[in-house]
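Asker: Here is a sequence together with a model predicted from it:
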Amino acid sequence: MMHGSGGRAMAQLIDELFLSRLGNAHPGAGNDAAVLPAAAGRLVVSTDSHVVSPLFFPGGDIGCLSVNGTINDVAVMGATPLYLAAGFILEEGFPLADLARIVDSMAQAAAAAGVPVVTGDTKVVQRGRGDGVYITTTGVGVVADGEDWSGDRARPGDRIIVSGGIGEHGMAIMAQRESIGFAADIVSDTAPLHGLIVAMRASGADIHVVRDPTRGGVATTLNEIARQSRVGMMLRESEVPVQPQVAAACEFLGLDPLYVANEGRLLAIVADADAGRLLAAMRAHPLARNAALIGSVHQDAQCFVQMSTKLGGRRVVDWLSGDQLPRIC
Amino acid sequence: MKFIDEFRDRELAHGLAAAIGRAAQPQRDYHFMEFCGGHTHAIARYGVSDLLPANVRMIHGPGCPVCVLPIGRIDMAIRLAMDEGVILCSYGDPLRVPASGGLSLLRARAALAGGGEIRMVYCAADALRLAQENAQRQVVFFAIGFETTTPPTAVVIRQARALGLRNFSVLCCHVLTPAAIASILESPEVRQWGSVRLDGFIGPAHVSTIIGSRPYEFFAAEYRKPVVIAGFEPLDVMQAILMLIAQLNSGRAVVENEFARAVTREGNRKAQRMVAEVFELRRSFAWRGLGELPYSALRIRREFADYDAERRFPISYQAVPDHPACECGAVLRGARRPQDCRIFGSVCTPENPVGSCMVSSEGACAAHYSFGRFADAKVAP
């Protein structure tokens, strides 16, 4: 509890554990707020809290997740992410070695993305009142005038692209949590997407919407966009990329990969004429080699997202309701 | 995926659809009940109905263990956690089933204050392990399901006795498939009123791996209803439909086994012996939607009484009526379609299920709401 009391122990923790890893090059380090140069264009701000169990999982941990996730929330608005702020809530007794590992991971992810953590906060709660560590990150970015990617811009005739295999992050976490042996080779897809988005913008395609399908997965994200844009969508099940091991783990647990979380994938909705060009640009980027055109947008006042099944039938791809719960048999 | 994709093959599906189209005689129609929620789920999820001719109608049956669980049984599980302070272990999909007082196991979990816990487990063995890891706590496994999930429950009860565990017990709610089929065939809608026409059954796959196909021979012979035991993959279901049509066309009514890759006539004798060692028939058991059915469920034998939560704790079953507007009972008997219920999709949704059929993804209402309701809306394209 001392580390959260605001006294010497806390200052020591900040100096030795956070500043030494996350850097203090920015003016404002040691002050109550960061002072940053204003950027041209419009500011984009997003904040996200990360509560994940287990904290460490194949392909990542809560640290890099908290950096990449918020960078992606800013980037999918067409913005260049500039800065991050991070808030930590630590549970009393949480091992400092684990905290150091998490902060190292954040530092590496921030450095790799070129988006520094410029300010932060730490609080400590009593043992039993937390889950190890919670991290809230806020991202600030800038978007040029004229760029307008927004969930309400999908239009009938547009095409829907996903940047790669779906469900990998969620199933990596679940496999770890539930000790599903055969799913051990599923690795989280967590990654910062702003580099991919630069490549997508450079293709010159008329992109209408970009969004990262995190919690609730592809199905929920597409339903959100369909409702915002007042359109319907039709997916083709045979085109949706799902790694065989993810599909197998989902089968085993009775889950649908369309609803499983992703942390390094994006969905793009693009004008029909530019879909091929955008797809080619995405596939040339290392984070979207398996990008696929999975469906199209049509007029539908009821905003149904539907899917033509592999079998040749049709079904609704509904919103996720509550958590996906494994079926009994 | 090996042994999965082969049963979802588009070309084969279209071949089967064409064969069904040829076999279904245009001057008659066919009404088949798929007993299991697994079949209902497969039909809705893969759009199998779209591949069937208009004169072949599928009727959803009561074969979802979550849907047939009465409110009073969920109340017992909640009371164990809330009043007795036990660690109550449940499979995932019963957690959201509405119980009394606006509760469900999930809502009760959020409200727990007295030391009790409600945990989701993937198998009975997880519950037993929890008991071993929490020697100072009472751990109760909320055991539900048809004949498929009963043997694992028998195994953990035997293991608990072998280990001498004093803190593990089972709230047994296992039910029996043949009793449910008999109840449907004896229901007034089918026998007297003729308002539900049933020409044949797609029989349960997983259940039949345990009990075999023989228990269904009675229905085929006595009621003249063909039964085809089928797997849960879409091609299994389509093949079963084709086999049922062929039986009807030729005037036969026998049990056929489409799921020969896992089901035999005799079933799994070892599992049957284990179940018989640990369980015995209950004289009567309440099913949601079907009412009290004689000899339709199992209870733990006296020899294993120490592991029976109903004997260890002061809880007893109290019947609770369903919501008056909910038509789950009629849906479970095939007397109503989900979309015919006046609260379907408005008051009763997966987010706010009023009836049990809207809870589990295997439930008829949830399957239609989640996968098939575009057909009611007549939307583009």
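Answerer: Sure, I can see it. Values in this document were obtained by computation on a predicted structure and should not be read as measured data. Numbers count the residues shown, from 1 in each chain, chains lettered A, B, ... in the order given.

Asker: what's the neighbour count on whichever residue of chain B sits closest to chain A?
Answerer: Relative to chain A, the nearest point of chain B is B:Gly47 (1.7 Å; C-beta to the nearest C-beta). Every C-beta, even on glycine, is put in place using the N, C-alpha and C of the backbone. Neighbour count for B:Gly47, taken as other C-beta atoms under 10 Å in any protein chain shown: 25.

Asker: Let me see the contact set for the closest residue to it other than its chain neighbours.
Answerer: Spatial nearest neighbour of B:Gly47, excluding adjacent residues (C-beta to C-beta, 6 or more residues apart in numbering or on different chains): A:Gly313 at 1.7 Å. Neighbouring residues of A:Gly313 by C-beta atoms under 8 Å, 6 or more residues apart in numbering or on different chains: B:46-51.

Asker: Please name the residues that touch the residue of chain B closest to chain A.
Answerer: So B:Gly47 contacts A:308-309, A:311-315, B:371 (C-beta under 8 Å, 6+ apart).

Asker: my guess is A:Val115 contacts A:Leu84, does it?
Answerer: Yes: if you go by C-beta atoms under 8 Å, A:Val115 and A:Leu84 touch, sitting 5.7 Å apart.

Asker: any shared contact partners between those two?
Answerer: A:67, A:71, A:139.

Asker: now the one helix or strand the first one maps to: mean pLDDT?
Answerer: Secondary structure here is read from DSSP states H and E; on that basis A:Val67 sits in helix A:62-75. Throughout helix A:62-75, pLDDT has a mean value of 96.

Asker: again, but for stretch B:112-123
Answerer: 90.

Asker: That stretch: end-to-end distance?
Answerer: 23 Å (C-alpha to C-alpha, to the nearest Å).

Asker: Is that stretch in proximity to chain A?
Answerer: Yes: Stretch B:112-123 lies within reach of chain A by C-beta under 8 Å from any C-beta of the partner chain, at B:120, B:122.

Asker: What are the contacting residues of that stretch?
Answerer: A:178, A:253, A:325-326, B:80-92, B:95, B:105-106, B:108-109, B:127, B:130, B:141, B:152.

Asker: give me every residue that touches the spatially most central residue of chain B.
Answerer: By C-alpha atoms, centre = their mean, chain B has its centre lying nearest to B:Cys64, at 2.1 Å. Going by C-beta under 8 Å, 6+ apart, B:Cys64 touches B:36-37, B:40, B:357, B:360, B:362-364.

Asker: what two of those residues have the greatest distance between them?
Answerer: Maximum pairwise distance among these (C-beta to C-beta): 13.7 Å, between B:Cys36 and B:Cys357.

Asker: Neighbour count for these two, which is higher?
Answerer: B:Cys357 (35 against 29).

Asker: re the thing from before, can you go through the contacts of stretch B:112-123 and name the buried ones?
Answerer: Buried residues within these, defined by neighbour count using 16 or more other C-beta atoms under 10 Å in any protein chain shown: A:178, A:253, A:325-326, B:80-82, B:84, B:86-92, B:95, B:105-106, B:108-109, B:127, B:130, B:141, B:152.

Asker: among those residues, which are in helices?
Answerer: Mapping these onto helices (DSSP state H) picks out A:253, B:80-82, B:105-106, B:108-109, B:127, B:130, B:152.

Asker: Between those, which sits nearest B:Pro353?
Answerer: The closest of these, once distances to B:Pro353 are taken by C-beta to C-beta, is B:Leu106, at 11.3 Å.

Asker: ok, back up a step: want to throw the contacts of B:Gly47 into CSV with pLDDT, distance to A:Arg155 and secondary structure?
Answerer: Shown next, in CSV, are those (pLDDT from 0 to 100; distance: C-beta to C-beta, whole Å; DSSP: H, G, I helix; E, B strand; the rest coil):
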residue, pLDDT, distance to A:Arg155, secondary structure
A:Ser308, 95, 21, strand
A:Thr309, 93, 25, coil
A:Leu311, 91, 29, coil
A:Gly312, 90, 28, coil
A:Gly313, 91, 27, coil
A:Arg314, 93, 22, strand
A:Arg315, 93, 24, strand
B:Phe371, 89, 26, helix
